[in-house]
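**Q** sequence and computational prediction follow.
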Amino acid sequence: MLGITAMAGIDLALWDLKGKHLNLPIHTLLGGKRHDRFRAYASILFGKDGAETADIGRKWTEAGYTAVKFGWEPMGESEKLDMELVAGAREGVGPDGDVLVDAGCVWDARTALQRAHSFNEYKIGWLEEPLNQDDLDGYVWLRDRSPVPIAAGEGECGRHAFAPWVQRRALDIYQIDLARCGFTDAMHTRRCVEDAGGRVVNHCYKTPISVAACLHWLSTANSAFLFEDCVDDSPLRNALTHERVQAEKDGYITVPDGPGLGVTLNEEL
C-alpha cells in the first residue's frame, strides 16, 4: 500500500508537470471537464453529543454550505448516542440541507443495517464506512439491504484494490482519494465504477494540493454530484499553496483552470 501511495504522488506530480509544460489544466489533459463547479459539503467531526453536533451543523450552513458530513467519534458508543448524534445533525443542517454520516468503521454488518434503517428517518444522503475498510463481503451484504446509499473506498490504493469492489457492486458511492491513486488509476477506476452503474466522489482531507487534484479529476466524471471540502482550519489545509482552494460563500467550489494543478506551492511554509 505504501508503494502504491508513493507512486500516486509521483503520478500527480508528472501530470502537473505536463500541464505546466503545455500550459493546460489537467482536466483538459484528462479529456475535458463536464463540471465547472461542484456543490461542496463541509467535512467535519461530530460533536460530543446531539446538541453540540447541531451547533456544528448550524455553523456550516450559516457559512453557506447546503450539505454537511459529520464523522467518527463518538459514533458507535451506543445506539442511543448514535441516534442523538444524527438527530442533532439534522436539526443543525435543517430540513432542506443534506446530512451525510461517516460512521468511522464501528459496526458489524447487522448493526450497520439496523442503523441504516434508523437513520433513514432523518433522510441522510449516505452512510459512510459503517464496516471495516477491508470487509468486502460485509459491504456487498449491506448494500443489497440498506435503505440508504452506502459509501466507502477512501482507503483503497490504486485500480487493483478497487477492482473487486466494483466487480461485486459493493457500494453505491465510491470515494476515491487522488493522493492514494493518482490521476492515472483514478481515471481508470472512475470509468469502471460508472460502467457498473455506481457514482464517484472524492476523498481528501489534508491539503489544497489534493483538493485541486480531486477537482480536476472529478470534473471529468459524469456521475459527480458532490465534493468533499474539509473545513479544518490549519496551515496545512489553507496555507500550503498561495491559492485558497475552498468553497465560496454560496457553498460551491470551482475547478481550477490554471496550468497543471492550477496551484503554486508556498515554499516558505
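**A** Looks like it came in fine.
**Q** for the residue nearest to Gln167 when sequence neighbours are not counted, give me the pLDDT.
**A** Closest residue in space to Gln167, ignoring its immediate chain neighbours: Ala196 at 7.7 Å, by CB to CB, 6 or more residues apart in numbering. Glycine gets a C-beta too; all of them are placed from N, C-alpha and C. The per-residue pLDDT reported for Ala196 equals 97.
**Q** do I have it right that Ala196 meets Arg169?
**A** Yes - the pair Ala196 and Arg169 qualifies as a contact (CB atoms under 8 Å) at a distance of 5.9 Å.
**Q** roughly how far apart are the residue nearest to Gln167 and Val148?
**A** 20 Å (CB to CB, to the nearest Å).
**Q** now do the helices in the stretch 151-269 of the chain.
**A** 159-167, 178-195, 208-218, 235-238 (DSSP state H, counting those that start in this stretch).
**Q** got the contact list for the residue nearest to Gln167?
**A** 166-167, 169 (CB atoms under 8 Å, 6 or more residues apart in numbering).
**Q** top of these by neighbour count?
**A** When neighbours are counted by other CB atoms under 10 Å, Val166 leads the contacts of Ala196 with 21 neighbours.
**Q** quick one: contacts for it?
**A** 174, 189, 192-193, 196, 198.
**Q** ok, Trp107 touching Glu77?
**A** No - Trp107 is beyond contact range of Glu77, at 11.4 Å (criterion: CB under 8 Å).
**Q** more crowded one of those two?
**A** For Trp107 versus Glu77, the count of surrounding residues by other CB under 10 Å is larger for Trp107: 23 against 11.
**Q** what about the more buried one, which helix or strand?
**A** Here Trp107 sits in a region with no helix or strand, counting by DSSP states H and E.
**Q** ok, and the closest non-adjacent residue to it?
**A** Pro130 (5.3 Å).
**Q** with Met75 instead?
**A** Nearest to Met75 is Ala103, by CB to CB, 6+ apart, at 5.3 Å.
**Q** next, the contact list for that neighbour, please.
**A** Residues near Ala103 by CB under 8 Å, 6+ apart: 71, 75-76, 112, 115, 127-130.
**Q** report pLDDT for it.
**A** 98.
**Q** next one: Ser234
**A** Confidence for Ser234, expressed as pLDDT, is 88.
**Q** distance check, it against Thr53.
**A** 21 Å.
**Q** Ala221 reaches Arg191, doesn't it?
**A** No - judged on CB under 8 Å, Ala221 makes no contact with Arg191 at a distance of 9.0 Å.
**Q** which of these two has more neighbours?
**A** Ala221 (23 against 14).
**Q** what sits against the more buried one?
**A** Ala221 neighbours (CB under 8 Å, 6+ apart): 34-35, 190, 194, 200.
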